[in-house]
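A.B. asks: the following block contains a protein sequence and its predicted model.
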Amino acid sequence: MTTLQTVAVIGAGVIGRGVAQDCAEHELDVVLVDRDPAILEAALAEIRQQARLYAMLRKRTHDPVRVLSRIHATTSLESIGAADVVVENVTEHEEIKAAVWDGLARWARTDALLAANTSCIPIASFAARVPRPERVVGLHFMNPVALTTMVEVVRGQATHDETLSAALAFLRRLDKTGIVVADRPGFAINRVLMPTLNEAIWVVHDGVASAVDVDRLFIGCLGHKMGPLATADLIGLDTVLRSLDVLHASSGDPKFAPCPLLVRLVSEGHLGRKSGRGFFFHGAAEEAS
Amino acid sequence: MNEASQRSPEQILRAFLARHVPAALESEEDFFARGYVSSLFALQLVVFVEKQFGITVEPEDLSLDNFRSIGAMERFVARKRGVAP
């Protein structure tokens, strides 16, 4: 990878649209791919809104029209051939991700940097599916992407030094710093965070404290910026559940078994911020009727 | 918008905040500084204020100072509607 101009972002969910927005705000051309046209439409609407609203929380301001003009949204994975970097952000499900990586093997340029954005799945499983697995790296972006200045970078066993340098250069272009960790389930952050969130949910489930009080304790006593249950809502309760399932399956350790309250909320469609309700209410629209 | 004509901006704002902030708020109490909500909540407030009061928050209005207390939001809404608070 000699120059960096075009980034393909696969998956237009919460993180994918954040990565697309951030790249476009940094003057990169973005090909945003999702198999669902409705999700792409929602992603573009949200990117327009966030590009405007984030001015409140950071120094830089961006013209939403200009940001959107750099993003080409498409349902066709075949459109990624021009990309210097591909960032895959599809749902945390091994079979779905594997199918997408088979597509990357076919349609991405052979010298493109391929980044897996996964909460917990080892990136070696993706690298094995593409030609030149040494160009595969894990880039674990956090939500909200355009407001977060650090990324957990995962070095697989096959990842070359050049790949790592290119990945860190890509992050610098986004004004972010990368911290490199080894390729083990959950990496560093989620190996610690997911059982912590799960235990906080158990605290609510067992009636030890309300969700509000658990979060207030972490904010007020420990100086956290955000409590564990608001964090779970921000990540998405479905993503938390799937991450725990992946950690549970890969380690066999019962400490990763998801709390029944988490399972119930997800089955009822209460996914946190993205659905308007999780442990807390997040909507604006329903109150405005 | 019908609701907005029946209730005062303060009542509407208090009803919304009661769902997100786990304490009774003084009119000028900075709920961000008190640690009740993260700064991301400001984004929800902007969208709520726009929808509820039918105003557009312009780029120059996007300051936490317009949204950090009930009083600040009341004054902001009044200013955008062109009426005295």
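C.D. replies: Looks like it arrived, so ask away.
A.B. asks: ok, which residues in chain A are in contact with chain B?
C.D. replies: A:49-50, A:52-57, A:61, A:144, A:212-213, A:216, A:219-220, A:225-226, A:230, A:234, A:280-282, A:284-285, A:287-289 (Cβ under 8 Å from any Cβ of the partner chain). Where C-beta positions appear, they are placed from N, C-alpha and C, glycine not excepted.
A.B. asks: which among those residues end up buried?
C.D. replies: Neighbour-count burial (16 or more other Cβ atoms under 10 Å in any protein chain shown) applied to the residues of chain A next to chain B gives A:50, A:52-56, A:144, A:212-213, A:216, A:219, A:226, A:230, A:234, A:280-282, A:284, A:288.
A.B. asks: so which elements touch the helix or strand hosting A:Ile179?
C.D. replies: According to DSSP states H and E, A:Ile179 maps onto strand A:177-182. Here strand A:177-182 touches strand A:150-155, helix A:161-173, going by 3 or more Cβ pairs under 8 Å, 6 or more residues apart in numbering or on different chains; DSSP states H and E.
A.B. asks: which of the buried ones among the residues of chain A next to chain B fall within helices?
C.D. replies: Secondary structure from DSSP state H places A:50, A:52-53, A:212-213, A:216, A:219, A:230, A:234 of these in helices.
A.B. asks: between the residues you listed, which sits nearest A:Gly178?
C.D. replies: A:Leu234 (21.3 Å; Cβ to Cβ).
A.B. asks: can you pull the buried residues of the strand holding A:Ile179?
C.D. replies: Within strand A:177-182, the residues that count as buried by 16+ other Cβ under 10 Å are A:178, A:181.
A.B. asks: any idea how far that strand is from the chain center?
C.D. replies: Strand A:177-182 sits 15 Å away from the centroid of its parent chain (Cα atoms, centre = their mean, to the nearest Å).
A.B. asks: partners of it in the sheet?
C.D. replies: strand A:150-155 (parallel) (DSSP bridges).
A.B. asks: average pLDDT for the partner strand?
C.D. replies: Average pLDDT, strand A:150-155: 97.
A.B. asks: that older thread, CA atoms of the strand holding A:Ile179 as PDB?
C.D. replies: Only the C-alpha atoms of strand A:177-182 are listed here, as PDB (Å, rounded to 0.1, in the frame of the first residue of the first chain):
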ATOM      1  CA  THR A 177      -3.400   6.200  18.100                       C
ATOM      2  CA  GLY A 178      -3.200   2.400  17.800                       C
ATOM      3  CA  ILE A 179      -2.200   0.100  20.700                       C
ATOM      4  CA  VAL A 180      -1.000  -3.300  19.400                       C
ATOM      5  CA  VAL A 181      -2.200  -6.400  21.200                       C
ATOM      6  CA  ALA A 182      -2.000 -10.200  20.500                       C
END
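A.B. asks: got the contact list for it?
C.D. replies: Strand A:177-182 is touched from outside by A:139, A:149-155, A:164, A:167-168, A:171, A:187-188, with contacts defined as Cβ atoms under 8 Å, 6 or more residues apart in numbering or on different chains.
A.B. asks: among the residues you listed, name the buried ones.
C.D. replies: Buried, going by 16+ other Cβ under 10 Å: A:139, A:151-155, A:164, A:167-168, A:171, A:187, out of the contacts of strand A:177-182.
A.B. asks: could you pull out the strands in chain A for me?
C.D. replies: A:6-10, A:29-33, A:71-74, A:85-88, A:113-116, A:136-140, A:150-155, A:177-182 (DSSP state E).
A.B. asks: so which bits of chain B are right by chain A?
C.D. replies: B:3, B:15-16, B:19-20, B:22, B:35-36, B:38-40, B:42-44, B:46-48, B:51-52, B:59, B:62-64, B:67.
A.B. asks: shaky segments in chain B?
C.D. replies: Along chain B, segments meeting pLDDT under 70 span B:1-5, B:22, B:83-85.
A.B. asks: where along chain B do the helices fall?
C.D. replies: Chain-ordered helices for chain B, with DSSP H as the definition, fall at B:2-6, B:9-18, B:41-53, B:70-81.
A.B. asks: what stretches of chain A score poorly on pLDDT?
C.D. replies: Low-confidence segments of chain A (pLDDT under 70): A:1-2, A:283-289.
A.B. asks: could you break it into its assigned domains?
C.D. replies: Taking automatic domain parsing as the reference, chain A has its domains at A:6-182, A:189-267.
A.B. asks: now do the end-to-end distance for the last one.
C.D. replies: What that stands for is domain A:189-267. 26 Å (Cα to Cα, to the nearest Å).
A.B. asks: and the residue most central in space within chain B, what is it in contact with?
C.D. replies: Ranked by distance to the mean C-alpha position of chain B (Cα atoms, centre = their mean), the top residue is B:Met73 at 4.0 Å. The contact partners of B:Met73, taken as Cβ under 8 Å, 6+ apart, are B:9, B:13, B:45, B:49, B:66-67.
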